Structure formats: C-alpha cells, structure tokens
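Asker: Sequence and predicted model, in that order:
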Amino acid sequence: MRGAVAGGTVVSSLIPVPEARSRVLEAVALLAPRRVRLADALGLVTAEPIVAAGDVPPFTNSAMDGYALRGADASEPPVSLRVVGLVVAGPSVGCVVRPGEAVRIMTGAPMPDGADAVCMVERAVVAPDGSTVTIAHRVRVGDHVRAAGGDVTAGDEVFPPGTELTAGCLGVLAGLGMADVLVHPRPVVGVLSTGDELVEAPGALSRGQIHESNRSALLALLAHSGFTGVDLGIVGDDERAVADALADGADRCDAVLTSGGVSVGDRDIVKAVLGEVSRGSMQWMQVAVKPAKPFAFGTIGDRSTPVFALPGNPVSALVSFELFARPALRAMAGHAELHRALAHAVADEELARRRDGKLHLVRVAARFGADGIVHVRSAGGQESHHLHAMARANALAVLPDGDGAAQGDRVDVLLLDPATLGSAGRRAASGWGA
Ligand code: AMP
Ligand code: MG
C-alpha cells in the first residue's frame, strides 16, 4: 500500500528488504570518473581498461644469483667456463657471453647477449682466483631466465574497467610505469545526527540527555568500507538547524546519512524538513526486518544528493547502513559486488525468534572452528539499543520468519568483518603446509 504525501511517498505495508534495497539502488548514480594517484587508489574501481604500455619485465633478466652462460656449453657436464665479467641489477652497459664463457650475474640483472641460461650460484664451483667456474650438472636453455614480457606483455589488457584495485593491482600499475589511474572516486558521505537529547562527548548529561554515538560508529563504518566520511555534527529537533545542516551536506558530499527522527510517532521535524528539501522524493518505508524497520531514502539539493534517513536507535542505524546505504554507496563507487558475503555457519547455541512477518538479523559472534567451518553464538542482547552486543558481533545471522535456529542448525550469516573470523582453529592454523 502506498500513499503520496507532501513530503514524499509513504509505504504503509511492510516491504521486504530486497525491495527496499532495489528502490535505493535504482535511484543512485555512478560517480563520474576522476584520475587519482596510485597512493590514493586502494579499493577504488577502475573506469578505464588498463592496457600495458610496455613489457614487464621490460628486459630479459636473471631469476637467480649465479652465472649466465650458453645452455649449449653445459649440456654435457661437468664443464669449466671462463668468467669474463659481472653484471648486477641496475643500469649497465651490455656485455657478451661467447662459447666457453660465463658472466657472474645477480638477480634482476639483464641477461648478457649470447647467454640463454643461468646456473645458480649454489650449484657452481668457482676457482679461488675467480677466473673460471665449474658446473657439474646439466643446465638447460632458459633455466632461471625471466623473459621480457613474461609477466605482462605490451598491449595486454591487464585489468578491465570495473576492477577493484587491490594492493596487488596497484603493484602491477606501478610496475607498468603508471603514476595515476582513472577511477570512480571514493564517495564522500556526510553524517548528521538529530535529536534534542543528544550531547557530544565528553559533555556532561542533564536528565533526559544521552551521549551521541551514531556519528562515531557510522563514520568508522564509512572509513572501514573505503568511503570518506564527513562529520556534519549534531543538530537538535529544530527545523532551521536541520535544513541548514542538510543543505551543507548536500553541497559538500556525494551522499548524506541522517540518523534519528524517522520512526512512526517521532516528532516529525526531520521528516518535515526532509520532505521539503527532497522536493517530495523521499520514500518513507517500514521494512520487514528487525532491527532497522524504519528507513527513508530520497535525494536533496541541486545535485540530487542521495540521503539515507537511518533510524536513531544505534543498532538499527548500523544495520540499516549495512542493508541499504553501504550497497548503494558501493554502487556509486562502481563496485560490482554490492553486498556483504553470505556464509553458511553452524549455530553453536539456539538462536530463537518468534514469528512476526519480518526477517530477523541476529547479532552474532562468528569464528572459524577447528573444523574449518564458521560457528556462531549470540553476541548478547538483541534489542535495538544494545550497541554493546553489536560491538561484540562480527556477523548477522539471517533468520527467516519462523522459530529461529536450534543448536547445531546451519544458518546463513552476513559477514560484517571477515578479517575477525580468526584462523581456522589452532590445529588447522599451525598444521597447514607442513
Ligand atoms: P529516534 O529515531 O529519533 O526516535 O531515536 C530512537 C532512539 O535512538 C532514541 O532512544 C534516541 O535517543 C536514540 N538516538 C537517536 N539518535 C541517536 C544518536 N545519534 N546517538 C545515540 N542514540 C541516538
Ligand atoms: Mg529523535
């Protein structure tokens, strides 16, 4: 059921998470590409095909410290070769290896003309005066030689547009001689907290006030997700102040997150202001999920800056960010993978819930067990103000409408921070590769 109101659209029935998310994803646009230095490009997504301007390695070189020689000379060992020079990594004048000769060579040094193989130093016996080297084993043409273009060949498309730049990718670009790269920029995201009860730490609290916490958590989540957070401050339940802060955010940022003031029965100042500045684009939703039921989305300002109106309750704000804002921001940044990884896990204890028509996202602590499988336990209190339990959680167990999961059941979990799953149990961690 939908109804049009002055401040946007109110969806009065509960809508499923995927539908709410689709509405948001339909409305956000990819950020225009920009050239950035490699040092600033980690995690960004390429907006151009990366084509190798030259070979890597640029010249044929030695993979070992040893002796460069002609493979034909060492086909019937043992052989003794005259050492006619030394070549190290770095700029060098060319040298030549003729039949019966060898050149002492270091890793990364250009192969001398005429040489087509390297005997590693550990397997060569040098005369005390260094004038000859004896090789007692067979050396084949190409042994320990790294061919020019053996890693990347000039003209290769090394990464297509849409590639997320990992540390490895940045190394490849640097190796190709690139100093910058055309990418979709890191979204700049303003974070605004609203509510008369909110006090900035370390300010003292009078009766009815609380220390504001959503901005700290959301700004950290933004940073952790590879976005640039901008603190838009705390504003009280005052129309002028909310409107000014939103205008500031719409101006300076690619997107704005607000928290508070969007649940049913709220003092409707945030709603009224958002309704007005969004020129009716806000969609006020009640999502069939617990926590994070109230959520609104629209665009504000001349640049149609997306605004995500998250619930005020701290756990709801973070879960709502995960469900709606983070995927949309990733889409703006050009990522193909928008969502957190969903893993199968074993519930090490009962995760009970009641039937209420909603999807429940239970805050759980997830760890790899010694069996190499992810195991989860409840992270504690599951109410929307239980931020301490949220802080202990690194995953959300996805419990469809029903009675929940019994101990030992398989459950789907959204991994909020895979790096904190631990190693796969002591035995597995120390035993691998042995
Ligand atoms: P609201 O959505 O504004 O009705 O807020 C719901 C609950 O979340 C209330 O208990 C608020 O005090 C609390 N809350 C709202 N914003 C914040 C915030 N930025 N930091 C901490 N708690 C908040
Ligand atoms: Mg409020």
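Answerer: All right, it came through fine. Residues are numbered from 1 along each chain as shown. Ligands and ions are numbered 1, 2, ... in the order given.

Asker: residues touching the residue nearest to Ser263 when sequence neighbours are not counted, list them.
Answerer: In space, Ser263 comes closest to Pro294 once its chain neighbours are excluded; the distance is 4.5 Å by Cβ to Cβ, 6 or more residues apart in numbering. C-beta: built from backbone N, CA, C; applies to glycine. Taking Cβ atoms under 8 Å, 6 or more residues apart in numbering as the criterion, Pro294 is in contact with Val262, Ser263, Val264, Trp284, Met285, Gln286, Val287, Pro311, Ser316.

Asker: Take those and lay them out in CSV including pLDDT, distance to Leu218 and neighbour count.
Answerer: Below are the contacts of Pro294 laid out as CSV (pLDDT from 0 to 100; distance: Cβ to Cβ, whole Å; neighbours: other Cβ atoms under 10 Å):
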residue, pLDDT, distance to Leu218, neighbour count
Val262, 81, 15, 24
Ser263, 75, 17, 15
Val264, 70, 22, 9
Trp284, 93, 20, 23
Met285, 94, 19, 25
Gln286, 94, 22, 18
Val287, 97, 18, 23
Pro311, 95, 12, 26
Ser316, 98, 12, 26
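
Asker: Could you check how far Ser316 is from ligand 2?
Answerer: Separation of Ser316 from ligand 2 (Cβ to the ion, to the nearest Å) stands at 12 Å.

Asker: any idea which helix or strand carries that residue?
Answerer: Element membership for Ser316, per DSSP states H and E: helix 314-320.

Asker: contact partners of the helix or strand just after that helix?
Answerer: Of the helices and strands lying after helix 314-320 in sequence (DSSP H and E), the nearest is helix 326-332. Contacting residues not belonging to helix 326-332 are listed as 21, 24-25, 28-31, 184, 187, 189, 221, 225, 227, 254-255, 306, 308, 337-340 [Cβ under 8 Å, 6+ apart].

Asker: can you check stretch 270-281 too?
Answerer: So stretch 270-281 is contacted by 5-9, 194, 237, 239, 242-243, 246-247, 250, 258, 260-262, 282, 284, 296, 298-301, 307, 309 (Cβ under 8 Å, 6+ apart).

Asker: returning to what we had before: got the contacts of Pro294 as CSV, with distance to ligand 1 columns?
Answerer: Below are the contacts of Pro294 laid out as CSV (distance: Cβ to the nearest ligand atom, whole Å):
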residue, distance to ligand 1
Val262, 6
Ser263, 5
Val264, 9
Trp284, 13
Met285, 14
Gln286, 13
Val287, 14
Pro311, 5
Ser316, 8
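
Asker: Among the residues you listed, which are located in strands?
Answerer: Trp284, Met285, Gln286, Val287 (DSSP state E).

Asker: any idea how far the first one lies from Val264?
Answerer: For Trp284, the distance to Val264 under the criterion Cβ to Cβ, to the nearest Å works out to 9 Å.

Asker: May I have the phi/psi pair for Arg367?
Answerer: phi -140, psi 150 (degrees, to the nearest 10).

Asker: just checking, it touches Ile373?
Answerer: No. Using Cβ atoms under 8 Å, Arg367 is not in contact with Ile373, being 10.0 Å away.

Asker: so what's the closest residue to ligand 1 within the stretch 301-434 of the chain closest to, chain neighbours aside?
Answerer: Of all residues in the stretch 301-434 of the chain, Gly312 sits closest to ligand 1, at 2.4 Å by Cβ to the nearest ligand atom. Spatially, and ignoring its direct neighbours in sequence, Gly312 is nearest to Gly260 (3.3 Å; Cβ to Cβ, 6+ apart).

Asker: What of Val242?
Answerer: In space, Val242 is closest to Val273, 4.5 Å off (Cβ to Cβ, 6+ apart).

Asker: try Asp251
Answerer: In space, Asp251 comes closest to Gly301 once its chain neighbours are excluded; the distance is 6.6 Å by Cβ to Cβ, 6+ apart.

Asker: Show me where the stretch 1-150 of the chain has its strands.
Answerer: All strands of the stretch 1-150 of the chain, identified by DSSP state E, counting those that start in this stretch, fall at 2-5, 8-15, 34-37, 45-46, 50-51, 61-62, 66-69, 79-87, 101-105, 117-120, 124-126, 132-135, 145-146.

Asker: Return the most buried member of those strands.
Answerer: Highest mean neighbour count among those (mean count of other Cβ atoms under 10 Å): strand 66-69, with a mean of 28.

Asker: Any idea how far it is from the middle of the chain?
Answerer: Strand 66-69 sits 44 Å away from the centroid of its parent chain (Cα atoms, centre = their mean, to the nearest Å).

Asker: Stretch 243-251 now?
Answerer: Counting by Cα atoms, centre = their mean, stretch 243-251 comes out at 28 Å from the chain centroid.

Asker: of the contacts of stretch 270-281, buried ones?
Answerer: For the contacts of stretch 270-281, a neighbour count by 16 or more other Cβ atoms under 10 Å gives the buried set as 7-9, 194, 237, 242-243, 246-247, 250, 258, 260-262, 282, 284, 296, 298-301, 307, 309.

Asker: Show me which residues of the stretch 201-350 of the chain are close to ligand 1?
Answerer: Residues of the stretch 201-350 of the chain lying near ligand 1 by Cβ under 6 Å from any ligand atom: 210, 212-214, 259-263, 266, 311-314.

Asker: how about low-confidence regions in the protein?
Answerer: 1-7, 11-12, 265-267, 424-432, 434 (pLDDT under 70).

Asker: List the residues that contact the closest residue to Ser92 other than its chain neighbours.
Answerer: In space, Ser92 comes closest to Pro110 once its chain neighbours are excluded; the distance is 6.4 Å by Cβ to Cβ, 6+ apart. Going by Cβ under 8 Å, 6+ apart, Pro110 touches Phe59, Thr60, Asn61, Val87, Ser92, Gly94.

Asker: Residues of the chain that sit close to ligand 2?
Answerer: Within the chain, the residues that sit near ligand 2 (Cβ under 5 Å from the ion) are Gly195, Gly260, Gly261, Gly312.

Asker: of those, closest to ligand 1?
Answerer: For these, the nearest to ligand 1 is Gly312 (2.4 Å; Cβ to the nearest ligand atom).

Asker: Check whether the closest one really touches Ser259, as I assumed.
Answerer: Yes. Contact criterion Cβ under 8 Å: Gly312 and Ser259 qualify, at 5.4 Å.

Asker: higher neighbour count, the two?
Answerer: Set side by side, Gly312 and Ser259 show more neighbours around Ser259, with 30 against 24, by other Cβ atoms under 10 Å.
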